[in-house]
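In: Predicted model, plus sequence, below.
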Amino acid sequence: MSKEVKLGIFGIIVIGATVFGYRFLAGENLFGSSKYYNIFVDNAKGLIRSSPVFVKGFQVGTVTDIAFTVDAEKNSKVKIQMRIDEPVDVKTDAVAEILETGFVGGKAVRIQIDPNSNAPIAKSGATLKGRSLSMLEAMVGGPEELSPYTQVIKNGLISAYDTISAQAKDPTAPGVGKMFYDMDIILADMKVTTRNLNKLIANSNQQVTLVMNDLAAITANLRQSNASITKIIDHSASLTAKLDSAGLDETIMKTNDAVATLKTTLESTQKSLASFDKILEKANSGEGSIAQLINDPNLYNNLDNSLHNLNFLLQDFRLNPKRYVNVSVFGKKQKKYQLPQNDPAQNN
């Protein structure tokens, strides 16, 4: 056998194994006979390919295809194809229901088969009746299944209502009856209160009318004074414009500078006065030369005597200059100094 033939046979085997594996992973029954059925529903939300198909809680097949289509009446439908792998006789009047498999999500198909039905067995490729169930319908069933339970609940509610109604009229009834009796009294009181409130509102209508009339008069006065108010606003705007054009900001800045300069001058003056206060304090306490001049009487007396003698000296120099200046002209001798008769120093 040549290499080409061997390579071809190997390729056919690989392709066959690939197709077989794909169909096996897709959930197709490769070794047994299967039947296919179709259903059309309006909503297939949550249903996916490979979703299980159950009959009486037993999985008999899977969903193989889900497609969007339009029926003969031009209505949009969802076509679902199911493959049944188990030997189950599905009759033509069977109903395929899409239901929830749990609270966490997931959908499945349940085929309802009536064992007492005389309908013929559906052939592969037939279309069954389909519908979607809500979670409540899937758990408790349809209305016909709930009818016995609802009748029991209805009878119980009627009995409870009759009991509560009888106890609500008895003030000595305990529990819920007492509560309803008190509620009747409260409602009666509320009716009386509402009636009194209506009377109060009716009596207050006149006052409200007067207040509204006063408000209308005030509004009319404001409307008449609108022109005057407008003039006042215009004058205020004009005054503001004049103040802006008067350079008030510059004047304020100059004033601030002058105030700052005056503040600096006052601070310098305050420092000088503080220094002068220190000097006066030292003088009062007897410290320094000024304090001695002020507080020492001997120094004052000595100064006074010195000034007095200086006055005598100047007066004597004026009256008797020859005593202090000896000038000889042509060799003439200076006369001997004679004390004046009215010598101030001698008189003193």
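Out: Perfect, thanks for sending it. Note that the coordinates shown come from a computational prediction; the quantities given were computed from them, not determined experimentally. Residues are numbered from 1 along each chain as shown.

In: and the closest residue to residue 76 other than its chain neighbours, how many residues sit next to it?
Out: Of all residues not flanking residue 76 in the chain, residue 70 sits nearest, at 5.9 Å (CB to CB, 6 or more residues apart in numbering). Quick note: C-beta positions are derived from backbone N, CA and C, even for glycine. Using other CB atoms under 10 Å, residue 70 is surrounded by 10 other residues.

In: Give me the pLDDT value at residue 248.
Out: Reading off the confidence values, residue 248 has pLDDT 64.

In: typed the wrong thing, it's residue 194
Out: Listed pLDDT for residue 194 reads 88.

In: Neighbours of it, how many?
Out: 10.

In: I'd like to know how far it sits from residue 200.
Out: Distance, residue 194 to residue 200, using CB to CB, to the nearest Å: 11 Å.

In: just the CA coordinates of whatever helix or strand residue 40 lives in, formatted as PDB?
Out: Assigned by DSSP states H and E, residue 40 belongs to strand 35-41. Taking C-alpha atoms only, strand 35-41 is exported to PDB below (Å, rounded to 0.1, in the frame of the first residue of the first chain):
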ATOM      1  CA  LYS A  35     -36.800  11.000  18.000                       C
ATOM      2  CA  TYR A  36     -37.000  14.700  17.400                       C
ATOM      3  CA  TYR A  37     -39.900  16.900  18.300                       C
ATOM      4  CA  ASN A  38     -40.400  20.700  17.800                       C
ATOM      5  CA  ILE A  39     -42.300  23.300  19.800                       C
ATOM      6  CA  PHE A  40     -43.100  27.000  19.200                       C
ATOM      7  CA  VAL A  41     -43.200  29.400  22.200                       C
END
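
In: buried residues in it?
Out: Of the residues in strand 35-41, 35, 37, 38, 39, 40, 41 count as buried by neighbour count, 16 or more other CB atoms under 10 Å.

In: May I ask you to confirm that residue 97 belongs to a strand?
Out: Yes - secondary structure of residue 97 (DSSP: H, G, I helix; E, B strand; the rest coil): part of a strand.

In: now the helices for the stretch 201-348 of the chain?
Out: Taking DSSP state H, counting those that start in this stretch as the criterion, the stretch 201-348 of the chain carries its helices at 226-245, 248-285, 288-295, 297-319, 344-347.

In: could the ones you listed go into a markdown table alongside mean neighbour count?
Out: Formatted as a markdown table, the helices of the stretch 201-348 of the chain follow (neighbours: other CB atoms under 10 Å):
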| stretch | mean neighbour count |
| --- | --- |
| helix 226-245 | 10 |
| helix 248-285 | 10 |
| helix 288-295 | 13 |
| helix 297-319 | 11 |
| helix 344-347 | 10 |
